[in-house]
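*Asks:* Please work out how this folds:
(2 chains)
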Amino acid sequence: MTTPARVRVAPSPTGDPHVGTAYMALFNKAMADTTGGAFILRIEDTDRTRYVADSERQIFDALAWLGLNPDEGPQGHGGPGGPCGPYRQSERLPMYKQAAEDLIAKGKAYRCFCAGDRLDTLRKIQQAEKSKFIGYDGLCRGLKAEEVAANLAAGKPHVVRLKLRQDAEIQTTDLFRGQISFIGAEQQDPVLLKTDGYPTYHLAMAVDDHAMGITHVIRAEEWIPSLPIHFELYRAFGWDAPVFAHMPLLRNKDKSKISKRKNPTSLLWYRDAGFLPEALKNFLGLMGFSLPNDQEIFSYAEFLQNFDLRKVNIGGPIFDLQKLHWLNGEYIRRLDDRELEKRLVQHCRLMIGREAEFADLPEDQLPQETFLKDFEQKRRRQSRVLGALAAEIMTSYEVNPNLLLPIIPLIKERLHTLVEAADYLPMFFTRDFAYTREAFVPKKQTPEGAVAALREVRAILADADFNNPGVKESLDAAFRAKSEALGQKIGPFLGPVRVAITGASVSPPLVESMLVLGKQETLARLDNALKFLG
RNA sequence: GGCCCCGUCAUCUAACGGUUAGGAUACGGCCCUUUCAAGGCCGCGAUACGGGUUCGAAUCCCGUCGGGGUCACCA
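*Replies:* Below you'll find the predicted structure:
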């Protein structure tokens, strides 16, 4: 029923791997996977001025992290290669050059010797005149063959421009929107080949998509304005155009296109903040798409079973970090204990030696939006805590594989991100708490009562057998009975104890924590607290 | 500003032209509870506006308004 789709994602290696790249990769890969086609990664490195050396590797890593590996793509960094290579545009330069020459020979393109200065002033004049048309005026279209030859002989730098039809409507088609037409006379002749011999996006895209047998171009909506160029290019070459499907743009809270200043856009940020790749992937699948029966949590396999490009909702979705935060918590709770333990250890390893990177941000550099601001502040502190604890956790983990495991059930349902484990883990590795006298006296408790509670609880624990299977229940009962005997509610009664054992008034469950720590350690902590309170 | 795209709760979204416009996040309340969570229940909350077409419009058409994208030898 469906023919195999060949689709691609084509990021340019100009910085951190972008969440939008992951979004496009997901929908393109789904298209390939549901049709038995191929998902291709192509590196669009035709802008030498913006090239970032490590970026390509990061794109690879980020896609692999999300399980969005391409079927075909550049070699190196574990890339798969493929029959239509090379997949780096910088390695395909002769093809673009040839294609441009072909178009010139066919009279569909021409050499333009206009200098940048001329274009700048032209644009300024047009703007000053409030001209409806802003762009190149086609001056070099009229160059005679001798003039071109003379310019060439003189070694004058030039670009190659596509001759766009001036006299017609340019009809284009988008899978979601149907026909979109543009007035030819309102378009400028776009540059195909730059002075430096590199192609622009337009030329490289058409040549490569054709050469690689791309059937569907699923890309961001911001490309719609250049649709007439792309259709005209295919026409000039005499090639059939692929299906174009423009996905909605991910948005900031203010509905503008998602941007670094207003929202985290780097996939590295999401990884560092302790989002699980499967949760982020799921979340991206919720952007402009939905599964039947209101199902919001789904595996990639389930996503594929329900995937239908035509069902994409093209209203621009706001990337709601708060909902991702919730979703990630759901995913963490669904991990089995062993797996969560492993991920936490991995995350600790990721945090090592990066204290400077996670230093507190000054107020004016913090995000404006309240949830994100709060999240970012916490996450930096938590990252530092985990980084500092990492060596100890990893060593312990290697020495005793069961060390962390009993802790996992106590913290699992409290986490929304891995980094939040920083709020719960340290108490299991240190008894060196920086508590204050006031911390031991919560509401509905007195200093005398606090000391009394610590003594009573110590006495109960001293007689308890921590290895008895029913010890948790019997301790619960004993604490409750004692608090009642003292005329106190159980909460205020155990408040000081919680501080003594965990160092904080908010913690994992108290009795379970004691059992993980062991009798000796628990009693020692109570004694420390009693000594502290003098 | 020109061109183009889009408009269902604050947010993500559902709804063969016929539903009391559904679910989820967030928010509020209650329950559970040994702190914090998690969980359960309840609540708040939308078809931008105005015209058509139709027995009947969130859904089709037109206009208005609003939002966004784009106007590079960047992608």
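
*Asks:* for stretch A:394-410, what is the average pLDDT?
*Replies:* On average, the pLDDT along stretch A:394-410 is 87.

*Asks:* ok, and what's touching that stretch?
*Replies:* Under the contact criterion Cβ atoms under 8 Å, 6 or more residues apart in numbering, stretch A:394-410 has outside partners A:337-338, A:340-341, A:344-345, A:348-349, A:393, A:424-425, A:428-429, A:508-509, A:512-513, A:515-516. Heads up, the C-betas are built off the backbone N, CA and C, glycines and all.

*Asks:* what does the average pLDDT come to for stretch A:431-451?
*Replies:* Mean per-residue pLDDT for stretch A:431-451: 90.

*Asks:* hang on, I meant stretch A:13-26
*Replies:* 97.

*Asks:* would you put the C-alpha positions of it in PDB?
*Replies:* Taking only C-alpha atoms (Å, rounded to 0.1, in the frame of the first residue of the first chain), the coordinates of stretch A:13-26 have been written out as PDB:
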ATOM      1  CA  PRO A  13      27.200  21.600  11.800                       C
ATOM      2  CA  THR A  14      27.200  25.100  13.300                       C
ATOM      3  CA  GLY A  15      26.800  24.500  17.000                       C
ATOM      4  CA  ASP A  16      25.100  22.400  19.600                       C
ATOM      5  CA  PRO A  17      22.800  19.700  18.300                       C
ATOM      6  CA  HIS A  18      19.400  21.300  18.200                       C
ATOM      7  CA  VAL A  19      16.100  20.000  19.600                       C
ATOM      8  CA  GLY A  20      14.500  21.000  16.300                       C
ATOM      9  CA  THR A  21      16.800  18.600  14.500                       C
ATOM     10  CA  ALA A  22      15.700  15.800  16.800                       C
ATOM     11  CA  TYR A  23      12.100  16.700  16.100                       C
ATOM     12  CA  MET A  24      12.600  16.500  12.300                       C
ATOM     13  CA  ALA A  25      14.600  13.400  12.700                       C
ATOM     14  CA  LEU A  26      11.800  11.700  14.600                       C
END
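
*Asks:* Any of the contacts of stretch A:394-410 buried? List them.
*Replies:* Buried by 16 or more other Cβ atoms under 10 Å: A:340-341, A:344-345, A:348, A:393, A:424-425, A:428, A:508, A:513, A:515-516, out of those.

*Asks:* on that earlier part again, among the contacts of stretch A:394-410, which lie within helices?
*Replies:* The helices, defined by DSSP state H, take in A:337-338, A:340-341, A:344-345, A:348-349, A:393, A:512-513, A:515-516 from these.

*Asks:* so which of the buried ones among the contacts of stretch A:394-410 are also by RNA strand B?
*Replies:* Residues shared between the buried ones among the contacts of stretch A:394-410 and the neighbourhood of RNA strand B are A:Pro508 [Cβ under 7 Å from any atom of the strand].

*Asks:* which one of the buried ones among the contacts of stretch A:394-410 sits closest to A:Gln488?
*Replies:* A:Ser513 (20.8 Å; Cβ to Cβ).

*Asks:* quick one, what contacts that closest one?
*Replies:* By Cβ under 8 Å, 6+ apart, the neighbours of A:Ser513 are A:Leu410, A:Met427, A:Phe428, A:Ile501, A:Thr502, A:Ser507.

*Asks:* same thing but at 7 Å, please
*Replies:* A:Leu410, A:Ile501, A:Thr502, A:Ser507 (Cβ atoms under 7 Å, 6 or more residues apart in numbering).

*Asks:* quick one: is the strand or helix carrying the second one near RNA strand B?
*Replies:* A:Ile501 is located in helix A:490-502, with elements delineated by DSSP states H and E. Yes. Part of helix A:490-502 sits close enough to RNA strand B to count as contact by Cβ under 7 Å from any atom of the strand, namely A:Ile490, A:Gly491, A:Leu494, A:Gly495, A:Arg498.
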